[in-house]
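Peer 1: what would the 3D arrangement of this be:
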Amino acid sequence: MKTSAMVKAALIAALTAAAALVRINLPFTEVPLTLQVFFVLLAGAVLGPVYGALSMLVYVLMGAIGLPVFAGGTAGVGVLIGPTGGYLFGFIAAAYIVGFLISRRRKSTTQLALATVAGVVVIYLFGVLQLAFVAKITILKAVLVGAAPFIIFDLVKAFVAATVARRIGLATER
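Peer 2: Predicted structure coming up:
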């Protein structure tokens with residue numbers, strides 16, 4: 001393992017934890033908007049699939065052992081098996097997918113944006129499925145409460161992450 005990649009993975013895990021504390025309360029939902037998704041997508045784009053996913057695994061494990069790094073300063077296994085835990089597991093998969101998609105092709109700005117949007121879709125897939133299962137609601141209801149209110153904000157984060165990744169360098173350019 002490359003030491004510099006491990007340091008960068010740890011840094012992005014820490015930045016994701018800090019981003020979870022930046023909360024914006026929206027008037028149309030009780031779930032706050034955070035900046036975590038931005039760092040998840042950036043992790044995959046700048047670290048690649050393995051180290052990007054590793055950075056999010058470290059982040060999730062920090063919360064699982066009790067460090068208050070999840071949205072709103074929450075922590076613990078209860079969060080992971082609760083209604084919003086799927087989004088956290090989706091972070092790991094999304095970072096991998098973004099890194100994988102970016103590492104496989106030449107990177108036009110459009111391709112970077114599509115890779116980060118694919119990451120958002122992965123996060124929502126994991127999150128909505130667990131939300132529906134745990135809350136015992138339909139998939140449609142889970143989409144309406146767990147994805148629809150945030151999609152515009154997360155798409156903006158995806159495009160910003162693609163832009164930042166282009167500026168600071170992609171994993172495949174190192």
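Peer 1: and the nearest residue to Val60 once chain neighbours are set aside, how many neighbours does it have?
Peer 2: Once flanking residues are discounted, Val60 sits nearest to Leu88: 5.3 Å by CB to CB, 6 or more residues apart in numbering. C-beta: built from backbone N, CA, C; applies to glycine. By other CB atoms under 10 Å, 25 other residues sit near Leu88.
Peer 1: cool, and Ile92?
Peer 2: Residues near Ile92, counting by other CB under 10 Å: 23.
Peer 1: same question for the one 3 residues further on.
Peer 2: Per other CB under 10 Å, the neighbour tally for Ala95 reads 35.
Peer 1: quick one, phi psi at it?
Peer 2: When quoted as degrees, to the nearest 10, the phi and psi of Ala95 stand at phi -60, psi -40.
Peer 1: same thing with Thr74?
Peer 2: phi -80, psi 170.
Peer 1: read off the pLDDT value for the closest residue to it other than its chain neighbours.
Peer 2: Spatial nearest neighbour of Thr74, excluding adjacent residues (CB to CB, 6+ apart): Pro68 at 6.5 Å. Pro68 carries a pLDDT value of 97.
Peer 1: separation between Pro68 and Ala18?
Peer 2: From Pro68 across to Ala18, the span is 11 Å (CB to CB, to the nearest Å).
Peer 1: how near is Val40 to Leu33?
Peer 2: The spacing between Val40 and Leu33, counted by CB to CB, is 14 Å.
Peer 1: more crowded one of these two?
Peer 2: Counted by other CB under 10 Å, Val40 and Leu33 do not tie: Val40 has more neighbours, with 36 against 18.
Peer 1: and for the more buried one, nearest residue in space, chain neighbours not counted?
Peer 2: Counting by CB to CB, 6+ apart, Val40 lies nearest to Phe91, which is 4.6 Å off, once chain neighbours are set aside.
Peer 1: same question for Ala161.
Peer 2: Ala161 sits nearest to Leu41 (CB to CB, 6+ apart), 3.9 Å away.
Peer 1: low-confidence regions, this structure specifically.
Peer 2: The model of the chain has pLDDT under 70 over residues 1, 30, 105-106, 170-174.
Peer 1: which helix or strand lies directly C-terminal to the lengthiest helix in it?
Peer 2: Ranked by number of residues, the top helix in the chain under DSSP state H is helix 36-64. Remark: after helix 36-64, the chain's next helix or strand is helix 77-81, criterion DSSP states H and E.
Peer 1: packing partners of that following helix?
Peer 2: Packed against helix 77-81 by the contact rule (3 or more CB pairs under 8 Å, 6 or more residues apart in numbering; DSSP states H and E) you find helix 36-64, helix 85-103.
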